[in-house]
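Trainee: here is a sequence with its predicted model. Questions after.
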Amino acid sequence: MNHILTTERLEIRLLQDCDFNDIVEIHRIPEVTRYMLHEPWTAADAEIRFQAMKRNDKMIPEKGLCFGVVFQERVIGDVSFWFTEMQQTVEIGYAFHPEYSGRGLASEAVSALIHHIFDNYPIHRLQANVDGRNRKSMALCKRAGMRQEAYFISDFWYKGKWSDSAVFGLLREEVLEKKESEDLRQGNGV
């Protein structure tokens, strides 16, 4: 299976040692990690965290994968997916350097990841769990074609306080229906 995805502007591939500085720079930014489960990376833990991400400790192909998002020869973010305990269900996650926001690059990368997952794995459902304060991430899920399915008030305790959670989802049949509709519009007949 090919683990290099290309879009109009991006290359999305498994992380490599040469990506260390770019990934560390992203995960050291408080704005990036504000709504993530971890604090900003430090000089003391950056190597360990990067190697775990690169090795995909819990993200072997049967469990999920983590990719670097390359734009103009620089890693500007990472996208990942992992299988949940629910049968044929994956969750996605992502982080992007704020310097590149507003260009549609995150939407392009997340959409490519979603299509890669449904094209290559027997997945029934894909979901994203987002901190309810993270409006940018919620908008990204919608732009990538996911629908908001739930909003839980004060349901998750982390970083010393309660936060809300928004759950976004997408089903295989929805992706297939959209693809068939686009094929018909483009005259590619089914």
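Mentor: Cool, got the structure. Residues are numbered from 1 along each chain as shown.

Trainee: now residue 38, what's its secondary structure?
Mentor: Following DSSP: H, G, I helix; E, B strand; the rest coil, we place residue 38 in the coil state.

Trainee: list the contacts of it.
Mentor: 27, 49 (CB atoms under 8 Å, 6 or more residues apart in numbering). Backbone N, C-alpha and C define where each C-beta goes, glycine included.

Trainee: tell me how far it lies from residue 120.
Mentor: Distance of residue 38 to residue 120, given as CB to CB, to the nearest Å: 28 Å.

Trainee: please name every helix or strand in contact with the helix or strand of the chain with the lowest mean pLDDT.
Mentor: In the chain, no helix or strand scores lower on mean pLDDT, DSSP states H and E than helix 172-185, which sits at a mean of 84. Where contact means 3 or more CB pairs under 8 Å, 6 or more residues apart in numbering; DSSP states H and E, helix 172-185 is packed against helix 105-120.

Trainee: helix or strand next in line after the helix it packs on, which one?
Mentor: strand 125-131 (DSSP states H and E).

Trainee: that next one to helix 172-185, inter-axis angle?
Mentor: Here the directions of strand 125-131 and helix 172-185 differ by 110 degrees (axes from the mean of the first three to the mean of the last three CA atoms, to 10 degrees).

Trainee: who does strand 125-131 pair up with?
Mentor: The strands beside strand 125-131 in its sheet (DSSP bridges) come out as strand 89-96 (parallel), strand 161-171 (antiparallel).
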